[in-house]
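Q: here are the coordinates; sequence isn't available:
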């Protein structure tokens, strides 16, 4: 039986794939480890998926790293996530830069995020700004509803009259107006929710749900999701073939 990679039509690879990286805590619990160790184990999964995206030709990869709702988690876990993301960027930015990956961060620049973390984010974004092989967007302190609210606030602040507001107006005021809508969204760990992720952009995305917990995800899971995506008939509200 051909592998998932062999089943992929390389002329129809989705331009933009997004991941809800879920299941770190449950993975840690399964092995009797602290929840924080599940987050640490997720680093291997993330970078193997990045390698898979580069291998198959995905041009945009967006991952849900820290949501606006994640501040409700235990303080020790939040502190770990802040420190972990800071050290991850420091460790990995040169490697990603060497591979032609552009790193960007999607979300609110809140004072709740430690300055040391935002500094590492800015350094990674600046270092990789001119790369064009793959754009890796990390949704950090991000919420889909917050993004729409922030877009509306900017529209109001600019004095745009209500009768002039349409979908393109809202889209042009999102955090990254140049980011194409995801073609494919993958959520891991057997959960069937969007969880406030890219709410505006997901209008016509294909959704794939995996039972695998995020730390166990590898590029083969990306390939399987792409193969499933290619087997679907995307009608965008029209009539199927």
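A: Arrived safely. The structure presented is a predicted model; accordingly, all values stated were derived computationally and were not measured.

Q: After the one helix or strand in the chain whose mean pLDDT sits lowest, heading C-terminal, what element do we hit next?
A: Within the chain, no helix or strand scores below helix 4-7, which has a mean of 86 by mean pLDDT, DSSP states H and E. Going down the chain from helix 4-7, the next helix or strand is strand 16-20, by DSSP states H and E.

Q: Are there helices or strands packed against the helix or strand just after that following strand, and which ones?
A: Once the chain leaves strand 16-20, the next helix or strand it forms, by DSSP H and E, is helix 24-30. Applying 3 or more CB pairs under 8 Å, 6 or more residues apart in numbering; DSSP states H and E, one finds that helix 24-30 contacts helix 35-56. In short, each C-beta sits where N, CA and C put it, glycine included.

Q: Might you calculate how far the helix it packs on sits from the centre of the chain?
A: Centroid separation for helix 35-56 versus its chain: 12 Å, with CA atoms, centre = their mean, to the nearest Å.

Q: Name the residues of it that come out as buried.
A: Residues of helix 35-56 classed as buried: 35-43, 45-50, 52-54, 56 (neighbour count, 16 or more other CB atoms under 10 Å).

Q: Ok, stretch 72-83 next?
A: 73, 77, 80-82.

Q: Can you report how many residues neighbour the closest residue to residue 130 other than its chain neighbours?
A: For residue 130, ignoring the flanking residues on the chain, the nearest one in space by CB to CB, 6 or more residues apart in numbering is residue 102 at 7.6 Å. Other residues lying near residue 102 total 20 when counted by other CB atoms under 10 Å.

Q: My read is that residue 102 contacts residue 134, right?
A: Yes. In this structure, residue 102 is within contact of residue 134 by CB atoms under 8 Å, at 7.1 Å.

Q: Give the other helices and strands that the least confident helix or strand of the chain contacts.
A: Looks like helix 4-7 contacts helix 219-230 (3+ CB pairs under 8 Å, 6+ apart).

Q: Next, the angle strand 16-20 makes with the helix it packs on.
A: Orientation of helix 219-230 against strand 16-20 (axes from the mean of the first three to the mean of the last three CA atoms, to 10 degrees) gives an angle of 120 degrees.

Q: Quick check: mean pLDDT of helix 219-230?
A: Helix 219-230 carries an average pLDDT of 97.

Q: Any buried residues in that helix, and which?
A: Of all the residues in helix 219-230, those buried under the rule 16+ other CB under 10 Å are 219, 221-227, 229-230.

Q: Kindly report the same for stretch 154-166.
A: Neighbour-count burial for stretch 154-166 flags residue 155 (criterion: 16+ other CB under 10 Å).

Q: For that stretch, the averaged confidence score.
A: If you average the pLDDT over stretch 154-166, you get 97.

Q: Could you do stretch 37-55 as well?
A: The pLDDT scores in stretch 37-55 average 95.

Q: For the most centrally placed residue in the chain, give me its contacts.
A: In the chain, the centroid-proximal residue (CA atoms, centre = their mean) is residue 63; its distance is 1.8 Å. The neighbourhood of residue 63, defined by CB atoms under 8 Å, 6 or more residues apart in numbering, consists of 18-19, 21, 46, 49, 136-139.

Q: Spell out which helix or strand contains it, please.
A: Going by DSSP H and E, residue 63 is in strand 60-67.

Q: In the sheet, which strands lie alongside that strand, parallel or antiparallel?
A: In the sheet, strand 60-67 lines up against strand 16-20 (parallel), strand 134-142 (parallel) (DSSP bridges).

Q: among those strands, which is nearest residue 93?
A: strand 134-142 (10.5 Å; CB to CB).

Q: so where is this structure shaky, pLDDT-wise?
A: The model of the chain has pLDDT under 70 over residues 1, 235-241.

Q: mind checking the longest helix of it?
A: Criterion DSSP state H: the longest helix present in the chain is helix 75-98.
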